[in-house]
Structures are given as structure tokens and as C-alpha cells.
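1. I need the structure of the sequence given here:
(one chain, ligands or ions: 1)
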Amino acid sequence: MSSQALDISGRGLGGASARPPVAQLVDVSKHYGSVRALDGLSLDVHRGEVLALLGPNGAGKTTAISLLLGLLRPDGGAATVFGLDPRSIEVRTRLGAMLQVSGLAPTLTVRETLQLYRSYYPRPASLRFLVELADLGELLDRRTDALSGGQLQRLMLGLAMAGDPELVFLDEPSAGMDLESRRRLWQSVRDVASAGRSVLLTTHHLEEADALADRVAVIHRGTLIAEGTPTEIEASVSGRRISCVTSIDLARLRAIGGVNRVERRGAATEIFTARAEDVLRQLFDLDPGLSALEVGGAGLEQAFLALTRDDQDQERAA
Ligand code: ATP
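-> Numbering: from 1, shown residues only. Okay, the predicted model is just below:
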């Protein structure tokens, strides 16, 4: 799996679509000394889509975004945005980015900070639009050093949109947010995308990718290993989740042929397998009193785990 990418969408990995992509990486490699961060990565961001970049820690997501922002140069291959060099002034005025480093002036208020960022762009978004989008109405006179983590993230989203960009990069936008704040931020991101802008999002929350993304690209060890809609990615891993209440112990369950993973959730046991029928037969043989049975799709999280599991692990599980 890790050596060959899985074209789930059928449109070709990083391949051409009917309209030219707004941002593109073609066969890009990037090293930091002896560390190979990207290894022949190709990726397209299409106009008007939310693309979620998923991958385990160290997969190369931040490096990929840094290349598209012109903060880094590739060692090999090409990075373009709007068909241009990402370092060009024209690209910079049409892009927005919400990165994990803030660098805000602590003594400025939210209003002053928004106005300052608006002043950097030739055609800025209106203050009113930014305030509504990022839900900052009650915070305008607050100094930035007095904002909570979630409020700061909302301000960062407003700042990313200050130049009314056509393409926005959101690097883990809901990092450190509680569920309520995360859902509010999701609504703001949906509002950004519904106005026809393109969004490239990195996240560790698969729920976030599922909730927001039109398309998901999974990166592992600097290479694209799968892309498609969240539903296509889920379907690509033919796994099923069996949930039940059973007296069979965990070691015995894990020894059943075809079982990939077993988890206890309260009174219920969850069993992940690509051979649900075989496993069910064996479960009933071992425990005729088994109850509360449910069988469903494995979900995006399981698909992600299966896709990014190392070959060694897969051999062990087989
Ligand atoms: P995370 O999810 O943990 O943020 P990521 O997918 O964004 O990870 P990158 O930050 O792009 O991954 O890192 C890719 C690889 O390059 C990792 O092995 C990382 O340790 C390495 N790396 C990144 N930046 C540097 C650097 N400045 N110097 C040396 N190695 C680096």
C-alpha cells in the first residue's frame, strides 16, 4: 500500500480535472538534511472545493502547504498556485492562510488587528464580513493577548480571510478547541467555501474532514496514498464494524480469523473486520448468548488507520 497510491476517485491521482486546479504540486520532493519529508507528491486543489489533507504526524502535510505558500522551495518537481510561482506577489494577494503560528501584536485589539491585516491587501474583505464570518462581534475591543485559545483561532480565521482570498489554507484550524467551538468554526469554514472559494485544510480530526471536505487526500511518508470523497475513502477499505455484548474475552476475539482490531466501549465490544460474515458465524459458535448486535461500515477513522498502517503491521494483522 505504501509504495502504490490508491486512486479511489477514478479521476487520476493528482491528475487533471476539467478546469485547471487553483493549486498544484507535481511530483514534488523535499528533504530537510537527511529527512525525506516529501517523496514524489502530486496533489491538485480544485476551484470551489474543500480538500482535507490527512496523514499521521510527520507525514508531510505542513511541508506540502509551505511549498504552496512559497515559504519553502521544492528540491524536485513543481509547486504552482493559480498557475504561477507561489512566491509571486499576485499569488500572495489572492491567498489566505491560517497557520499554527500566530505572531500577533499582543497590545492591539481584535478590531485593530483586523484593520491592520485588511490594509495589506488591494481589495480587502469588509470588516463587517470578517466579523460575521469569524463570529468576532463581541470581541472587537478585546486585546489579542486576552483572547482564549478558541477565540484566537476564530480571529486567525478572520485574518486569513482579510484579503478576500480565492484560496485559503487552514492548518489544523480547530487545534485545541472544544467541541462547541469546533462546530462553530466548521460553520464558518462552510460559509467560506459556499462563496465559491477553495479551501485546503489539514486536520487530525477525521470527524472534521468528514464534516467539511468535498475530497480527502491521504498522505503517508511524504507520498499520496489515497484520494477521494470521504465516502469513497471509507468504501475503499472494505472493513465492517461489528458491535455486540459478549462474554468472549479479548484474546479469544483477537484470535478469530479475519479480525483486524478489537476494542471495548463500555459494555459493548467493537470488532473490525473485512470478513464480517465469517467472523459473525464464529462469534455465535463461541457465544450463543451474544446480544445487542450491530453491524455497520467501519467509518473514515478506520479507513484512515487501515490506509496508513505500515506494511509490517498489515503483514502482522493478516
Ligand atoms: P504533523 O501532523 O506532526 O504536524 P506533518 O504531516 O505536518 O506533521 P511535516 O511537518 O511536514 O509533517 O514534517 C514532515 C517530516 O519532515 C517529518 O519527519 C519532520 O520531522 C520533518 N521536518 C519538518 N520540518 C523540518 C525541519 N525544519 N528540519 C528537519 N526536519 C523537518
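2. the stretch 101-250 of the chain: strands as residue ranges?
-> Secondary structure of the stretch 101-250 of the chain (DSSP state E, counting those that start in this stretch): strands located at 167-171, 198-202, 215-220, 223-228, 240-245.
3. in the last one, what counts as buried?
-> So the one you mean is strand 240-245. Residues R240, R241, I242, C244 are the ones in strand 240-245 that count as buried (16 or more other CB atoms under 10 Å). Heads up, the C-betas are built off the backbone N, CA and C, glycines and all.
4. about what we covered before: TSV for the strands of the stretch 101-250 of the chain, including mean pLDDT and distance to the ligand?
-> Formatted as TSV, the strands of the stretch 101-250 of the chain follow (pLDDT from 0 to 100; distance: least, CB to the nearest ligand atom, whole Å):
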stretch	mean pLDDT	distance to the ligand
strand 167-171	93	8
strand 198-202	94	7
strand 215-220	91	7
strand 223-228	88	12
strand 240-245	89	26
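5. quick one: closest of those to P20.
-> Distances from P20 to each of the strands of the stretch 101-250 of the chain were compared using CB to CB; the minimum, 11.9 Å, belongs to strand 198-202.
6. point out the other helices and strands that that closest one packs with.
-> Counting contacts by 3 or more CB pairs under 8 Å, 6 or more residues apart in numbering; DSSP states H and E, strand 198-202 is packed against strand 50-54, helix 61-68, strand 167-171, helix 179-194, helix 206-212.
7. most packed of the ones you listed?
-> The highest mean neighbour count among those, using mean count of other CB atoms under 10 Å, belongs to strand 50-54: a mean of 26.
8. could I have the CA atoms of it written out in CSV?
-> Provided in CSV are the C-alpha atoms of strand 50-54 (Å, rounded to 0.1, in the frame of the first residue of the first chain):
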residue,chain,number,x,y,z
VAL,A,50,-12.7,21.9,0.4
LEU,A,51,-9.8,19.5,0.2
ALA,A,52,-8.7,17.9,3.5
LEU,A,53,-5.1,16.7,3.8
LEU,A,54,-4.9,13.8,6.2
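9. show me what that strand is packed against.
-> Contact here means 3+ CB pairs under 8 Å, 6+ apart; on that basis strand 50-54 packs against helix 61-68, strand 198-202, helix 206-212, strand 215-220.
10. who does that strand pair up with?
-> Next to strand 50-54 in the sheet, as set by DSSP bridges, lie strand 198-202 (parallel), strand 215-220 (parallel).
11. against R143, how distant is D27?
-> According to CB to CB, to the nearest Å, D27 stands 46 Å off from R143.
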